[in-house]
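**Q** the following comprises the amino acid sequence and a computationally predicted model.
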Amino acid sequence: MFEMHFTVETWGRSVLLSGRLDARSAPDFEKAALAAADEQPEKRLHMLLDFSGLEYISSAGLRSILVLAKRLSPSGGKVVLCGMSGVVEEVFGVSGFDSFLPVTKSREEALRLLGE
Amino acid sequence: MENTVRERVFPASLDLLGDIRAFILEEDGAEERLPPKRVAHLDVAIEEIVVNICSYAYETPPGELTIRVEEKPEFFAVDFLDNGVAFDPLAMDEPDVSLPLEKRDAGGLGILLVRRMMDEVHYSRKGTLNSLRIVVDTPRMP
């Protein structure tokens, strides 16, 4: 079970993810996130991924986030993650993804980081 | 609890990931006997291994994937047996997890997660079979 909910913000998109971001659901997430990123490719666009409802992530989920971060990066866009816990947090630690992607506890901190 | 072994053969298809996961963790109530954190570790390891086998082990998918679950008071172990091309995932170099975004790719992350989250991981080639065994040590119940 996986759900994603995109909200348009002045600085980009907030995405609320819940359930399992695994080999089955990651391609759907990647497709939706890249479609949002490609709407105005010349414009800088940030994405705030709210993981407070995310219970599980695997390397397939990490891969989709890496693809997204690389797509946004040339125009100065960032992927910021907030609210992760449990095994999701462990997976980020083991993979080192928490070293090159900004990770915050709360959504408020993530917004501050984006200067919003 | 008693020592138990159970085994089932699945088509090596990603569509069966949910059934394979359920066979290992839910059938026979294994999930209830393990700490939730270790169930989550197994959850990740099962997906990574099954995805690997389904993607790489067969030239013409799907082949067969035999799952054997061995439960003892001291450990919970799962063997994944496939008759695809010989492949030792543990022989691969580990990815450098300190690289910046521009230099990162996603290769090798799955098996890295398996190695870090399991207490033991063993590969062996048994005749025409690849055998990958993962083990989680189980705390002694008082």
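**A** Structure received. Numbering: from 1, shown residues only, chains lettered A, B, ... in the order given.
**Q** distance between the one helix or strand residue B:31 maps to and the chain's centre?
**A** Here residue B:31 sits within helix B:30-33, counting by DSSP states H and E. Put simply, helix B:30-33 sits 17 Å off its chain's centre (C-alpha atoms, centre = their mean, to the nearest Å).
**Q** which residues does it contact?
**A** When contacts are defined by C-beta atoms under 8 Å, 6 or more residues apart in numbering or on different chains, helix B:30-33 is touched by residues B:1, B:24-25, B:39, B:69, B:71, B:76, B:138. For glycine as for every other residue, the C-beta is placed from the backbone atoms N, C-alpha and C.
**Q** after that helix, next one along is what?
**A** Stepping forward along the backbone from helix B:30-33, the first helix or strand reached (DSSP H and E) is helix B:36-56.
**Q** mean confidence for that next one?
**A** Model confidence over helix B:36-56 averages 94 on the pLDDT scale.
**Q** likewise stretch A:66-84?
**A** Looking at stretch A:66-84 alone, the average pLDDT works out to 95.
**Q** check the secondary structure at the spatially most central residue of chain A for me.
**A** Nearest residue to the geometric centre of chain A (C-alpha atoms, centre = their mean): residue A:49, 3.7 Å. In three-state terms, and counting by DSSP: H, G, I helix; E, B strand; the rest coil, residue A:49 is strand.
**Q** thought it was touching residue A:18?
**A** No: with contact defined as C-beta atoms under 8 Å, residue A:49 does not reach residue A:18; the gap is 11.4 Å.
**Q** which parts of stretch B:106-126 are buried?
**A** Taking 16 or more other C-beta atoms under 10 Å in any protein chain shown as the basis for neighbour counts, the residues of stretch B:106-126 that come out buried are B:106, B:108-118, B:121.
**Q** now, those residues that are in strands?
**A** Applying DSSP state E to those, the entries found in strands are residue B:121.
**Q** restricted to helices, list the buried residues of stretch B:106-126.
**A** Among the buried residues of stretch B:106-126, the residues falling in helices (DSSP state H) are B:109-117.
**Q** just those residues that are near chain A?
**A** B:109-110, B:112-113, B:116-117 (C-beta under 8 Å from any C-beta of the partner chain).
**Q** host element of the nearest residue to residue A:53 once chain neighbours are set aside?
**A** Nearest-residue entry for residue A:53: residue A:18, 3.2 Å, with adjacent residues in sequence omitted and distances by C-beta to C-beta, 6 or more residues apart in numbering or on different chains. Mapping residue A:18 onto the secondary structure by DSSP H and E places it in strand A:12-21.
**Q** residue A:52 now?
**A** Residue A:52 is part of strand A:46-57, with elements assigned from DSSP H and E.
**Q** only alpha carbons, please: show that strand as PDB.
**A** In PDB, the C-alpha atoms belonging to strand A:46-57 read as follows (Å, rounded to 0.1, in the frame of the first residue of the first chain):
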ATOM      1  CA  HIS A  46      12.300  22.400  -4.800                       C
ATOM      2  CA  MET A  47      10.600  19.300  -3.600                       C
ATOM      3  CA  LEU A  48       9.800  18.700   0.100                       C
ATOM      4  CA  LEU A  49       9.200  15.000   0.700                       C
ATOM      5  CA  ASP A  50       7.200  14.500   3.900                       C
ATOM      6  CA  PHE A  51       8.000  11.000   5.100                       C
ATOM      7  CA  SER A  52       6.000  11.100   8.400                       C
ATOM      8  CA  GLY A  53       3.600   8.500   7.000                       C
ATOM      9  CA  LEU A  54       6.200   6.400   5.200                       C
ATOM     10  CA  GLU A  55       6.600   3.000   6.900                       C
ATOM     11  CA  TYR A  56       9.100   1.400   4.600                       C
ATOM     12  CA  ILE A  57      11.600   2.100   1.800                       C
END
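**Q** is the longest helix along chain A up against chain B anywhere?
**A** Counting by DSSP H, the longest helix found in chain A is helix A:59-72. Yes: in terms of C-beta under 8 Å from any C-beta, part of helix A:59-72 sits within range of chain B, namely A:59-60, A:62-63, A:66, A:69-70.
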